[in-house]
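1. Sharing a model that was predicted from the sequence below.
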Number of protein chains: 2
Amino acid sequence: VLFVMTDADLDIRRPTLLLDEKRARRNIVSMARKADLARVRFRPHFKTHQSLDVGGWFRECGVDAITVSSVTMASAFANDGWTDITIAFPVNIKEIEVIDALAGRVDLGLLVDSESTVARLAASLQNPVRVWLKVDVGYGRAGVRWDRPEEIRSLSRMVARAKQLAFTGLLTHSGHSYHAQTREEILRIHTESIGRMAAAKAALDGALFEPCLVSIGDTPSCSVAEDFCGVDEIRPGNFVFYDLMQLASSACEAEHLAVVVACPVVGKYPDRRQIVIYGGAVHLAKDTACDARGRSIFGCLAERKRNAWSPRPDDAPVVALSQEHGVVELASDLLAAVHIGDIVHVLPAHSCLTCGLHTEYRLIDGGMVRRICC
Amino acid sequence: VLFVMTDADLDIRRPTLLLDEKRARRNIVSMARKADLARVRFRPHFKTHQSLDVGGWFRECGVDAITVSSVTMASAFANDGWTDITIAFPVNIKEIEVIDALAGRVDLGLLVDSESTVARLAASLQNPVRVWLKVDVGYGRAGVRWDRPEEIRSLSRMVARAKQLAFTGLLTHSGHSYHAQTREEILRIHTESIGRMAAAKAALDGALFEPCLVSIGDTPSCSVAEDFCGVDEIRPGNFVFYDLMQLASSACEAEHLAVVVACPVVGKYPDRRQIVIYGGAVHLAKDTACDARGRSIFGCLAERKRNAWSPRPDDAPVVALSQEHGVVELASDLLAAVHIGDIVHVLPAHSCLTCGLHTEYRLIDGGMVRRICC
């Protein structure tokens, strides 16, 4: 029988974010071990979980340096005792006063990719900060292009000459790996990225830039790659929970999936083989993954089997989301097994955005874990 | 000069939801007047704003009956003194106890489209509720199909025979109108919808179903249509703020737009004519509207001119969103005018989802308005 409710589901009334703590802890241990073996610093990104408690699980694995994506998030984790924090987002000079205050109490890393921002930092900061030059190795979002040695050199020089700014190295995020469909494609992007980072670094020959660390970040590459040649630091974040997008590109296995949203079934429409769940864009987020047929889906039902979620993207995809409604298309056998009033588990396409819509995680073994609100 | 910051922008540091109160009040007055002229009950949907204060603006226009999309939202507005509330979402029987308690203190309307739910309501509720049969006139999400008179009749009979359930009528949401590209297309859907509702109602001849009201809901139709023949009640929600999606389909004009997200510019990339803003999927929501070339965009910059926002979907579209970053593509003249450290105003594709990501609205004429957290 499929989709039998577990005891833990019995008192669920509304869309509820469920977290498998064992699984998340295993993901953390495994990535920490990989970093150890590769002799790279593990500076996990905390934007996916945004929870002080989950942060504690990382601490238990020996992690003492973290990445965040906003000043607010940096402040929240600094207040929880984290003392080595990189804000992996282009410096927002509107927040320069908070940044300066934060730099006065923790070892703070910042990202820059423009002269105007470096000038503002140099002119305004009272406290010392580490500064990374953000490099674009092909994602095309932020950063100085890897193949512009002149620009890399002049901006790095500007940083190195400013009194409060300690030039730290080159940092990239190969976000295009999230669109990869296979492990091979992820590896190809990873190999290209570290090659391009090496080329960018070659532009910075000279004592002014010693040491010049290289930091990379995306979960797909960090999950799949074994070769981190020339890399000093990795900053994956999504791997703590993974999701359907990562599963679809083979960056993880089903056994690594650590979060789902439990949703009540409120409607059943056998003629179009669909159910409607209480679980919409405000509970799941409107991001998509590719199913085997290349169709964009917002997530899929996952069955809890042998202490892991077994996702069903092919026979139970979430095909539409409105504000509060989700529409799930079911194969005939599943349709027969699901009833109005049941609780189903939805594996999200993109766990970072889904978790961002909830204020707490319900642990499947009991208890709650809060998120900070950034 | 384009995109000059206003005084109100000067102290904005992070992505901030801005609300033009005058504009929103005008939208409310205008829709209330339209309902009056058409002699239909105005039962606005509060899911877009989810604010007690904005609810007060409706009250000032004589509104005393509202629509919400969750039991939680219904409770919040009931606590604020609203006494006539329809929950326009298929009954979630997992919340039946809260629903029953709510029915004990307000005039509560519910939606049903299945025998199993009607049976559960009949067996469990202590307090009386109004019950609407949800009808599907073509959207294909929830509801009994309009062209199944037997099903409509038998389910309505089941409702009418249950002691605590007062059969109230037929309710639909023509959500497919949100995908319309023109006013003509919206009108075509509207005309088809009210025709189909009339056909559905014809299945309910007889004293058992007197009165049998007809309630329709979508903002595009309610904004564009003049003919509400056979309709007793309208439930639009999005019209209070409108957005790029509504503008693109001509359901509103630029002068009706009431919310934007103010975002700091953190990166500028002249060679690809893009800027990166601090404003990502967690501030804007990943929903899309169609631009004039048929491209899906996540929003666009809007310039504040003569007390209204003048949106620029063609020369300043938001072309990508990640968790915290937004990428905006700019025409050359705009690119020259925008600098790192500026605040730009982003008109969201879909205001319901965007507002759902913020805890408060900053009024452009000063002050703050809180959202309830559902």
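-> Nice, thanks for sending it over.
2. Can you tell me the centre-most residue of chain A?
-> A:Asn238 (3.0 Å; CA atoms, centre = their mean).
3. Against chain B, how distant is it?
-> 10 Å (CB to the nearest CB, to the nearest Å). Backbone N, C-alpha and C define where each C-beta goes, glycine included.
4. and what of A:Pro15?
-> Taking CB to the nearest CB, one finds A:Pro15 at 10 Å from chain B.
5. Ok, A:Asp84 next?
-> Taking CB to the nearest CB, one finds A:Asp84 at 21 Å from chain B.
6. so what's that residue up against?
-> A:Arg43, A:Asp64, A:Ala65, A:Ile66, A:Val106, A:Asp107, A:Gly109 (CB atoms under 8 Å, 6 or more residues apart in numbering or on different chains).
7. Get me the contact residues on the stretch 251-374 of chain A for chain B.
-> A:264, A:266-269, A:272, A:276, A:278, A:281-282, A:285-287, A:320, A:322-325, A:327, A:339-341, A:343, A:352-353, A:356-357, A:359, A:373 (CB under 8 Å from any CB of the partner chain).
8. Okay, and which of those map to helices?
-> If you go by DSSP state H, these have A:Ala281, A:Val282, A:Cys352, A:Leu353 in helices.
9. circling back: with neighbour count as extra columns, can I get the contacts of A:Asp84 in CSV?
-> Compiled in CSV, those are given as follows (neighbours: other CB atoms under 10 Å in any protein chain shown):
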residue, neighbour count
A:Arg43, 24
A:Asp64, 12
A:Ala65, 18
A:Ile66, 27
A:Val106, 18
A:Asp107, 15
A:Gly109, 27
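10. Now the stretch 51-200 of chain A against chain B: closest residue?
-> Nearest to chain B, among the residues of the stretch 51-200 of chain A, is A:Pro90, at 4.1 Å (CB to the nearest CB).
11. thought that residue was touching B:Gly267?
-> Yes. Using CB atoms under 8 Å, A:Pro90 makes contact with B:Gly267 at a distance of 4.7 Å.
12. Spit out the residues that contact those two alike.
-> A:Asp113, A:Ser114, A:Ala142, B:Val276.
13. Contact partners for the residue lying closest to the last one once chain neighbours are set aside?
-> The shortest distance from B:Val276 to any residue that is not its chain neighbour, by CB to CB, 6 or more residues apart in numbering or on different chains, is 3.6 Å, and that residue is B:Gly267. Under the criterion of CB under 8 Å, 6+ apart, the contact partners of B:Gly267 comprise A:Pro90, A:Asp113, A:Ser114, A:Ala142, B:Ile275, B:Val276, B:Ile340.
14. Could you do A:Arg26 as well?
-> A:His256.
15. That one is in what secondary structure piece?
-> helix A:21-37 (DSSP states H and E).
16. Report the buried residues of that helix.
-> A:Glu21, A:Arg23, A:Ala24, A:Arg25, A:Asn27, A:Ile28, A:Met31, A:Ala32, A:Lys34, A:Ala35 (16 or more other CB atoms under 10 Å in any protein chain shown).
17. any idea how far the second one lies from A:His345?
-> Spelled out, that is A:Arg23. 13 Å (CB to CB, to the nearest Å).
18. now do A:Leu171
-> 36 Å.
19. Which one of the contacts of A:Asp84 is nearest to B:Met158?
-> Nearest to B:Met158 among the contacts of A:Asp84, counting by CB to CB, is A:Ile66 at 57.0 Å.
20. residues contacting that closest one?
-> Applying CB under 8 Å, 6+ apart, the residues near A:Ile66 are A:Arg43, A:Pro44, A:His45, A:Phe46, A:Gly55, A:Phe58, A:Phe77, A:Trp82, A:Asp84, A:Ile85, A:Thr86.
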